[in-house]
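Participant: Provided below are the primary sequence and the corresponding predicted coordinates.
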Amino acid sequence: MSYSKFAAKVKRYYDAGTWTARMVRDALDKGRITALECACILCAGVIEALGDDPSRDDLLEAAEMLGLSVPDGATDEEIVALIESATE
């Protein structure tokens, strides 16, 4: 899975500088994007948005949203480290 259609538009606007971080968070507050989409767009708080015990699918989804390449056979801990290093 990747970004929803609306979240993809928000990401394009944010990346282009048309939208501010506050505007992205407003889309979250209004329920137009998910917490994970918001975190990935802003490249901040992704691990927190995944919750205490994210599934492997959730980790892979977050990595995909961030445009990260996960090596075959990577452990969940390695995926978390990859996400954390990309969002520091």
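Facilitator: Perfect, I can see it now.
Participant: CA only for contacts and neighbour counts going forward, please
Facilitator: Noted.
Participant: excluding its backbone neighbours, what's nearest L36?
Facilitator: Once its chain neighbours are removed from consideration, L36 has its nearest residue in A49; the separation is 5.3 Å (CA to CA, 6 or more residues apart in numbering).
Participant: And the pLDDT for the residue lying farthest from the centre of the chain?
Facilitator: The outermost residue of the chain, judged against the average C-alpha position, is G73 (21.5 Å), by CA atoms, centre = their mean. G73 carries a pLDDT score of 95 in this model.
Participant: What separation do you get for it and I79?
Facilitator: The spacing between G73 and I79, counted by CA to CA, to the nearest Å, is 10 Å.
Participant: buried ones in stretch 81-88?
Facilitator: 82-84, 87 (16 or more other CA atoms under 10 Å).
Participant: May I have it exported as CSV, CA atoms only?
Facilitator: Output of stretch 81-88 as CSV, limited to C-alpha atoms (Å, rounded to 0.1, in the frame of the first residue of the first chain):
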residue,chain,number,x,y,z
ALA,A,81,16.4,1.2,12.1
LEU,A,82,16.1,2.1,8.4
ILE,A,83,13.0,4.2,9.0
GLU,A,84,14.6,5.9,12.0
SER,A,85,17.7,6.8,10.1
ALA,A,86,15.7,8.2,7.2
THR,A,87,13.6,10.4,9.4
GLU,A,88,16.3,11.8,11.7
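Participant: Show me how far that stretch is from its chain's centre.
Facilitator: 11 Å (CA atoms, centre = their mean, to the nearest Å).
Participant: go on, stretch 49-62?
Facilitator: Centre-to-centre, stretch 49-62 and its host chain are 10 Å apart (CA atoms, centre = their mean).
Participant: Where does pLDDT dip in the protein?
Facilitator: Scanning the chain with the threshold set as pLDDT under 70 gives 1.
Participant: Try it again at 90.
Facilitator: 1-2, 87-88 (pLDDT under 90).
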